[in-house]
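In: 3D model of this:
(chains A and B)
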Amino acid sequence: MTPIEFFLAGTMSAATVFLLAALGELVAEKSGMLNLGVEGMMAVAAAVGFVVTYQTGNHFLGFAIAGIAGILVSLVFAVVSITFLANQVATGLAVGILGLGLSALIGKQHESLTITPPGTLNIPILSDIPFIGPVFFQQNIVVYLTILLAIAISFCLNKTRLGLAIRAAGENPKAAEALSYRVKMIRYGSVAFGGLLAGFAGAYASTIYTPLWADGMIAGRGWIAVALVVFGTWKTGRIFLGAYLFGMVSLGELVAQSLGIGIPSQLLSAMPFIVTIVVLAVISSNGARLKLHAPYALGETYDGSEPR
Amino acid sequence: MQFEFERRVTPSRRVMLAVPFITIAITVVLSGIMLLIQGKSVGLTFYAFFIEPFESAYSISEIFLKFGPLLLIAQALAIGFRAKIWNIGAEGQMIMGAILAGSVPVYFTDSSSIFMLPAMIVLGALGGMAWASIAAFLKTQYNANEILVTLMLTSIALQILYYLLLGPWKDPMGFNFPQTVMFQDAALFPPIIFGFRLNYSLVIPILFTIFAWIYMEKRFGGFQLVVGGLAPQAATYAGFSSKGAVWKSLLIAGMAAGLAGMSEVAGPIGQLQRSVTSGYGYSAIIVAYLGALHPIGIIFAAFFLAVIHIGGDIALVSADLPISSVHIFQGLLLVTYLASYTFVNYRLKPNRANQEQMEGARS
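Out: Numbering: from 1, shown residues only, chains lettered A, B, ... in the order given. Now for the predicted structure:
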């Protein structure tokens, strides 16, 4: 593989972590739930996924249990913010802190251990095409499934009754309730789905992308996923592009090292965060457009009474 | 029978006072269960956590050493939180305060001037304010979400710190460790009692607490912030500037966090190194909430969390408890606090649908 092929193939792999987590957060936010605990959910799932895979050698099992772990953490958020009506921002932060602590405890016995990553799924014929093959068609199966998932989520949100129910809960919960949608159940489901995908994102990070466990290894990627939903103005296609852009940016450090460019490595490590801030400012500067796309009741607690 | 929450006409003061105690009780029970799962002795661990910190004069002085920065940052964050300005990057503002303050002894290694410490105080405050003002500028000019910006700025601040420690500011005699020279006495707060690490930087959080109390409870500026948080439309109608609220909240928090960072490098740490913040920037978020965002409540909450930190250090040795347990305990505290606080504004009553069903069955 040439360096440029390696870089582009790596971009797809790195982007998958962002895309999975951002798609989950998108569904939760569409239902009106701003879950800022993504980083914590990913960390717990990454630790669980790594430990299970390390102990059993079964990547599929590691992924599945990491997904369940993601759901469980997201349900803590759901119970406190939906049933107990607590402020979503504060609850998300709390769950994030709790999740980071839990992940360190779960992974403690496996600190700095590594596992062998699973093989790639080389798509017949296509993967033999020079350049395009190694870049696009010699990836892990999760990379392909995530792309399919993005299409499925886009279809579900925009074209199905379920998607309509989710959007109704996020735009105007009182009206949705009047149409006999069960808003709280819809929100529980959406948050749990977000937890599942954050769990998969964490597992992908710790068992496939960089197959090792180290405390703090999620390193802000959950937060970038939250930002991606804003970047994509709550649209699946744009979130997809954003995730791939950030996948590329996060590989910048490796590329610069391999090319021997004399930029301090800290500047490159900080790059994803700098880019996030700049893009966020650019996208948000048109406040009216942002408001148009954001779910109207996003982040508001729904206690069954009239909206303000 | 199912229950649902019904909004109280006025928030219950009694419940409000009970919430912190209920929170602590539930958290202790939950973490007790977690200890049992891990196969640790619950009694021994809680003894190490809550009693041992008070058993020696030295560890009591260490509690106050942690109490200072937690109190200082939490008071400032609470001002912003009441205005619904979510600055969660105090950690980064603390780092920038520490870096700017640390630049003085790094560049004037031989100086023993009496202006050293005052210069560091000023620079520490300015460093935190400068870092927070980036978020304030982007929020007011470009409408960029301050939660994400302050968080990202923390990651960037950390990389700046690493760059300095591995590059231009590295101690040439430091065996290649990522740290600066140890600061000279002129750059350090003198200890309050000889032989203890507790120092006169404690004066800053105490003064700041008095300021926060007067500002939030007695001054019009604080009132404007609170109204802006509770009823943004009313605040706009009354002509209170929401941009002003963003700037005020973030600059006050940046100053406090910067001073806290300065106090760490000019106090117990005595140099710049990778872990200058000890996570105070994040813990202070929990302190602010646990203290009900009120200046007096925050004093108690800061003390409680300071005990937890020292207790965690002790339990690390005496009960072989991993350090992450402290973080889990803090996370549990905040989660249970938020759930419990609901009872201040709501009461439980039997579900309406169920009630109608039962009445129907009776007639």
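
In: My read is that residue B:311 contacts residue B:49, right?
Out: Yes. Between residue B:311 and residue B:49 a contact is recorded at 3.6 Å, counting by CB atoms under 8 Å. Quick note: C-beta positions are derived from backbone N, CA and C, even for glycine.

In: Tell me, how many residues neighbour residue B:62?
Out: Using other CB atoms under 10 Å in any protein chain shown, residue B:62 has 21 other residues around it.

In: For it, which non-adjacent residue is spatially closest?
Out: Spatial nearest neighbour of residue B:62, chain neighbours left out: residue B:310 (5.4 Å); criterion: CB to CB, 6 or more residues apart in numbering or on different chains.

In: what's around the one you found, how many residues?
Out: 25.

In: Tell me how far it lies from residue B:203.
Out: Distance from residue B:310 to residue B:203, counting by CB to CB, to the nearest Å: 21 Å.

In: And residue B:170, by the same measure?
Out: Shown here: residue B:170 relative to residue B:203, a distance of 32 Å by CB to CB.

In: Show me which of the two is the more surrounded one.
Out: A count of neighbours by other CB under 10 Å puts residue B:170 above the other of residue B:170 and residue B:203, at 17 against 13.

In: what sits against residue B:259?
Out: By CB atoms under 8 Å, 6 or more residues apart in numbering or on different chains, the contact set of residue B:259 is B:72, B:97, B:121, B:124, B:125, B:128, B:204, B:208.

In: Quick one: name the residues of the stretch 101-250 of chain B near chain A.
Out: For the stretch 101-250 of chain B, the residues in contact with chain A (CB under 8 Å from any CB of the partner chain) are B:138, B:141-145, B:147-149, B:151-153, B:155-156, B:159-160, B:162-163, B:166-167.

In: try it again with 10 Å
Out: Contacts of the stretch 101-250 of chain B with chain A, taken as CB under 10 Å from any CB of the partner chain, map to B:134-135, B:137-139, B:141-145, B:147-167, B:231-233.

In: For those, which PyMOL command selects only the ones that are buried?
Out: Those of those that meet the burial criterion (16 or more other CB atoms under 10 Å in any protein chain shown) are gathered into one PyMOL selection, given here:
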select buried, chain B and resi 134+135+137+138+139+142+143+144+145+147+148+149+150+151+152+153+154+155+156+157+158+159+160+161+162+163+164+165+166+232
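
In: is any part of stretch A:67-82 close to chain B?
Out: Yes. Stretch A:67-82 reaches chain B (CB under 10 Å from any CB) through A:76, A:77, A:79, A:80, A:81.

In: want to throw those residues into a markdown table with distance to residue A:281 and neighbour count?
Out: Shown next, in a markdown table, are the residues of stretch A:67-82 next to chain B (distance: CB to CB, whole Å; neighbours: other CB atoms under 10 Å in any protein chain shown):
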| residue | distance to residue A:281 | neighbour count |
| --- | --- | --- |
| A:76 | 32 | 23 |
| A:77 | 28 | 31 |
| A:79 | 35 | 16 |
| A:80 | 31 | 26 |
| A:81 | 28 | 29 |
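
In: what's the following helix or strand after the helix or strand bottoming out on mean pLDDT in chain A?
Out: Taking mean pLDDT, DSSP states H and E as the measure, chain A has helix A:252-259 as its least confident helix or strand, at a mean of 74. Next along the chain after helix A:252-259, taking DSSP states H and E as the criterion, comes helix A:265-284.

In: what's the next secondary structure element after that next one?
Out: Downstream of helix A:265-284 (by DSSP H and E), the next one is helix A:287-293.

In: and residue 294, what is it in contact with?
Out: Reading this off chain A. Contacts here follow CB atoms under 10 Å, 6 or more residues apart in numbering or on different chains; on that basis residue A:294 touches A:29, A:34, A:170, A:171, A:229, A:230, A:233, A:234.

In: hm, I was asking about chain B
Out: B:16, B:75, B:78, B:82, B:212, B:213, B:216, B:217, B:288, B:300, B:301.
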